[in-house]
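Undergrad: The following comprises the amino acid sequence and a computationally predicted model.
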Amino acid sequence: MKKSISLTLKVWRQAGSTEKGSFETYAVKDISTDMSFLEMLDVLNEDLTREGKPPIAFDHDCREGICGMCGAVVNGRPHGPEKGTTLCQLHMRHFSDNDELVIEPWRSRAFPVVKDLVVDRSPLERIIIAGGYISVNTGSAPEANSLPVPQEAAEKAMDAAACIGCGACVAACPNGSAMLFTSAKISHLALLPQGRPEAARRAIGMVQEMDRLGFGNCSNITECQVECPKEVSISNIARLNREFMKAWLAADEK
Amino acid sequence: MELEAKIPKGPLPEKWDRHRFELKLVNPANKRKFDIIVVGTGLAGGSASAALAELGYNVKTFCIQDSPRRAHSIAAQGGINAAKNYTNEGDSIWRLFYDTVKGGDFRAREANVYRLAQISNAIIDHCTAQGVPFAREYGGLLANRSFGGAQVARTFYARGQTGQQLLLGAYSAMMRQVAAGRVRMFPRREMLDLVVVDGRARGIVVRSLLTGEMETHLGHAVVLATGGYGNVYFLSTNAMSSNVTAAFRCYKRGAFFANPCFTQIHPTCIPVHGTYQSKLTLMSESLRNDGRVWVPLQAGDRRRPGDIPESERDYYLERRYPSFGNLVPRDVASRAAKAMCDAGKGVGETGLAVYLDFKDAIARDGRAVIEKKYGNLFQMYEKITGEDPYETPMMIYPAVHYTMGGLWVDYNLMSTVDGLFVLGEANFSDHGANRLGASALMQGLADGYFIIPYTIGGYLATASLESLSETHPAVQEAKAASVQRIHALLSVNGRRTVDDFHRELGRIMWDYCGMSRNNSGLEKARERIRILRGEFWENVKVPEGNETLNQSLERAGRVADFLEFAELMIIDALARQESCGGHFNEAYQTPDNEALRDDAQFCHVAAWEYQGDDREPAFHKEPLVFENVALAQRSYK
């Protein structure tokens, strides 16, 4: 395999949320195939800075695929073409010499563009505030082993809890739905006995908030599951629907 | 001036109980009258925000990322220690305490470490109740694994994502308080200064990273939980935005900086592979439970690992440290790896790597078991290197990971500035000269959930704090200084990029103040840092302006502080003429090349006081008194 490649990048540039954006074309040369995608953008940004041009703004932090800060749509796919991979963990060895890459921010009504590839994902936080927790005050917990949890339930809860809150599911969904994100949190907590006392309230609260924030509906297109860098399964959406239905049918007040 | 750590009287196991009784309380109805500022939302800041708000305080919390859930605690992989003794191996609070003091090479405060061990069990209880999906046995009870520096399995874990799950626990607890209106969250803010009025911390200056607006936020106490300074080395396992600025600004406002030269180089990271590289990636220490570290017996053996027969491999950790084997503490494992590579036995393209081999574990337990324990780590390794660690051994090399040094705090976690409390990695208190694996998560959460809620009350109940307005001269001065600094960074308009300076600084620090140090190298580094700093302020190029999301400007401010702070690390390293834990001065070693302490001269915390930009910092000493453990040469043989 060739150790370095050259690429043509078409990058969405937008100076601010109220400005009009457009694609700019950049040629990058001698990109080592061991580089990560973000390191490739770093190289371009260093060049732009030296030329006195504004570098491309993009969110990133841990660069090891866990903080959920990074993300862009590459050739139409959130976090790029590799399955189960965040943009920061996508390496250039998966591209070929002279490839053309179109790089855009998450596109969703609920996520306004802040600048270039940076979007405002605070609506996801609003969904968590609406009930994504177990109400336990510090100091009041019983001994940890006093409540056994079947291993299978703990493992399934962990599968859902692996969500990094990056928003790729929303960007992937033609409806702009946040069902995968919301269902991951609802499932994580509903699967554990500690989360049961508030399960009904949580399901109703989080789903209503999600609807209120302008996310679209889920119509089982399943793009979210394909693009999720942590491979969170849509079976969580089925569980959310069950939890929500149960809660709704039994609820005293809605 | 000798520092007063305010360690409570009485026998070690009774100190914390006694202290909690002696601390004055704030009446529940009065708590809502106090505003507390928390900076940082990792395990320490997130848990502190939640716990303080639960008590009824008004909390304003700040973070640099777009969401508090992204703080770098999230990247901690392996686990969190506690003295539960679920494995029936004879663990106890005393043993966790002893292992931590010894692991820290006897440079931590006994009383703090004992309290940490005491609190450890309550952390597991609380996090389990929050819904943290810890690994479990088939019977439904919690599972444990082993970490370095301990001979018992006391580490609780959630696959290789323990930090993420604990952080999401703290984050959700904090979001519950946001819903309750007791925490107000300010994301995408960077703290640039501390507001000190009449000798007390009363607020902060933050820059909005979206608009460039300089804001002041005032309160009755400031809780700093802004993490470590490992990024002074440019390449580290820290997140890109981890930095020293907030802590360093507090240092300049009178908070002493303790043991800045104590940095942890983690033995199991993916080796460096190119000049463009932006960060290094940790492979959790938990891998050393099952992975065996080795190099070829003969220097210069370039055969592929599979072609090297057992008889020609040197499992050097197992050979040198038979009782701890692959699970020696991090400083010991890192130096051993460096020694092998220095002797020409390193592997891989650069010769700066050793093997971490799972062949025997896979043969013994089967691939499925290994996959369940470490699957996400193996996958991450494969993504980065393009090699499959199930088939070929991992290649690893030490990398900067954690900083034991930090702002000096007393037993109440209060700095030398009254009202400024410092938690988690940002303080210096519990890990001495070397932190043991799975102890950072424990400390961050102990500080936030179970210490600050009590000690801050003791302060607020006794301090008489007048109301303060934005127009106070001290507030205006701090704000103006921050505005001026941004202006200065933007007006240099030179030719070199911020990253270019940062990379050069990192290289100097890694070469001369890294895994092994010597006096002439440290002197040389100090000179080169000064020159580089001079050039920075004449030749740095920061594009765009202040009133926009300007990531280059953010980095410029952080690198400017690293360029000053690096010199403080060197000063501290030169002052400590001994070797201990992560601080290894080549002049002081045992015949077996282990760190050789000088307890007669250096059994103390070195705390540095800022005296002005052109003056040497003043040295202050907190003697470390060991009443309960005997000082000894650490041995992991």
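TA: On my side now, so go ahead. Numbers count the residues shown, from 1 in each chain, chains lettered A, B, ... in the order given.
Undergrad: Domain map for the chain?
TA: Chain wasn't specified; assuming chain A. Per the record, chain A has its domains at A:4-115, A:121-136+A:146-250, by automatic domain parsing.
Undergrad: that answer is for a different chain, and I need it for chain B
TA: Split by automatic domain parsing, chain B gives B:12-262+B:404-462, B:266-399, B:473-602.
Undergrad: can you put these in JSON lines and add mean pLDDT, distance to residue A:79 and mean neighbour count?
TA: (Glycine included, C-beta is placed from N, CA and C.) Listed next are the domains of chain B as JSON lines, based on pLDDT from 0 to 100; distance: least, Cβ to Cβ, whole Å; neighbours: other Cβ atoms under 10 Å in any protein chain shown:
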{"stretch": "domain B:12-262+B:404-462", "mean pLDDT": "97", "distance to residue A:79": "16", "mean neighbour count": "24"}
{"stretch": "domain B:266-399", "mean pLDDT": "94", "distance to residue A:79": "12", "mean neighbour count": "19"}
{"stretch": "domain B:473-602", "mean pLDDT": "97", "distance to residue A:79": "20", "mean neighbour count": "19"}
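Undergrad: between the ones you listed, which gets nearest to residue A:50?
TA: Set against residue A:50 and scored by Cβ to Cβ, these come closest in domain B:473-602, at 6.5 Å.
Undergrad: picking up where we left off before, mind checking the domains of chain B for the one nearest to chain A?
TA: With Cβ to the nearest Cβ as the criterion, chain A lies closest to domain B:12-262+B:404-462 of these, at 2.9 Å.
Undergrad: gap between the two ends of the closest one?
TA: 26 Å (Cα to Cα, to the nearest Å).
Undergrad: returning to that earlier point: is it possible to export the domains of chain B to CSV including distance to residue A:212?
TA: Formatted as CSV, these follow (distance: least, Cβ to Cβ, whole Å):
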stretch, distance to residue A:212
domain B:12-262+B:404-462, 14
domain B:266-399, 34
domain B:473-602, 27
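Undergrad: got the contact list for the closest residue to chain B within chain A?
TA: As assessed by Cβ to the nearest Cβ, chain B sits closest to residue A:148 within chain A, at 2.9 Å. Shown in contact with residue A:148 (Cβ atoms under 8 Å, 6 or more residues apart in numbering or on different chains): B:136, B:139-141.
Undergrad: three-state assignment of it?
TA: coil (DSSP: H, G, I helix; E, B strand; the rest coil).
Undergrad: circling back to that earlier point, now narrow the contacts of residue A:148 to whatever sits close to chain A.
TA: Under the cut-off given by Cβ under 8 Å from any Cβ of the partner chain, chain A has B:136, B:139-141 from these close to it.
Undergrad: follow-up on the earlier one: in helices, which of the contacts of residue A:148 fall?
TA: Among the contacts of residue A:148, none falls in helices (DSSP state H).
Undergrad: What residue, apart from its backbone neighbours, is nearest residue B:546 spatially?
TA: Setting aside the residues directly before and after it, residue B:546 is nearest to residue B:212 in space (Cβ to Cβ, 6 or more residues apart in numbering or on different chains), at 3.9 Å.
Undergrad: Now for that neighbour: which residues touch it?
TA: Counting by Cβ under 8 Å, 6+ apart, residue B:212 makes contact with B:486, B:545-548, B:550.
Undergrad: cool, residue B:627 as well?
TA: Residues in contact with residue B:627 (Cβ under 8 Å, 6+ apart) are B:12, B:110.
Undergrad: mind checking how far it is from chain A?
TA: 29 Å (Cβ to the nearest Cβ, to the nearest Å).
Undergrad: and the helix ranked longest in chain A, what other elements does it pack with?
TA: Counting residues, the longest helix found in chain A (DSSP H) is helix A:235-250. Under the contact definition 3 or more Cβ pairs under 8 Å, 6 or more residues apart in numbering or on different chains; DSSP states H and E, helix A:235-250 sits against helix A:179-190, helix A:199-212.
Undergrad: so the closest residue to residue B:499 other than its chain neighbours, which of the three states?
TA: Ranked by Cβ to Cβ, 6+ apart and with sequence neighbours excluded, the top spatial neighbour of residue B:499 is residue A:46, at 6.3 Å. Three-state assignment for residue A:46 (three-state DSSP): helix.
Undergrad: repeat for residue B:557
TA: helix.
Undergrad: So which bits of stretch A:202-219 are buried?
TA: Neighbour-count burial for stretch A:202-219, counted by 16 or more other Cβ atoms under 10 Å in any protein chain shown, picks out A:202-207, A:209-210, A:213, A:215-216, A:218.
Undergrad: and it, does that touch chain B?
TA: No. Judged by Cβ under 8 Å from any Cβ, stretch A:202-219 makes no contact with chain B; its nearest approach is 9.1 Å.
Undergrad: How about residues contacting that stretch?
TA: A:108-110, A:123, A:126-132, A:170, A:173, A:175-179, A:182, A:185-186, A:189-190, A:195, A:237, A:240, A:243-244, A:246-248, A:251, A:254.
Undergrad: Off-centre distance for it?
TA: 16 Å (Cα atoms, centre = their mean, to the nearest Å).
Undergrad: Then stretch A:223-239?
TA: 11 Å.
Undergrad: For chain A, identify the residue most remote from the centre.
TA: Here the centre of chain A is the reference, and by Cα atoms, centre = their mean the most remote residue is residue A:146, at 34.8 Å.
Undergrad: Return the residues in contact with residue B:326.
TA: Counting by Cβ under 8 Å, 6+ apart, residue B:326 touches B:288-289, B:291-293, B:317-318, B:333.
Undergrad: and those, which of them are in helices?
TA: Per DSSP H, the contacts of residue B:326 map to helices at B:317-318, B:333.
Undergrad: possible to save the residues you listed as JSON lines with distance to residue B:183?
TA: Shown next, in JSON lines, are these (distance: Cβ to Cβ, whole Å):
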{"residue": "B:317", "distance to residue B:183": "45"}
{"residue": "B:318", "distance to residue B:183": "49"}
{"residue": "B:333", "distance to residue B:183": "40"}
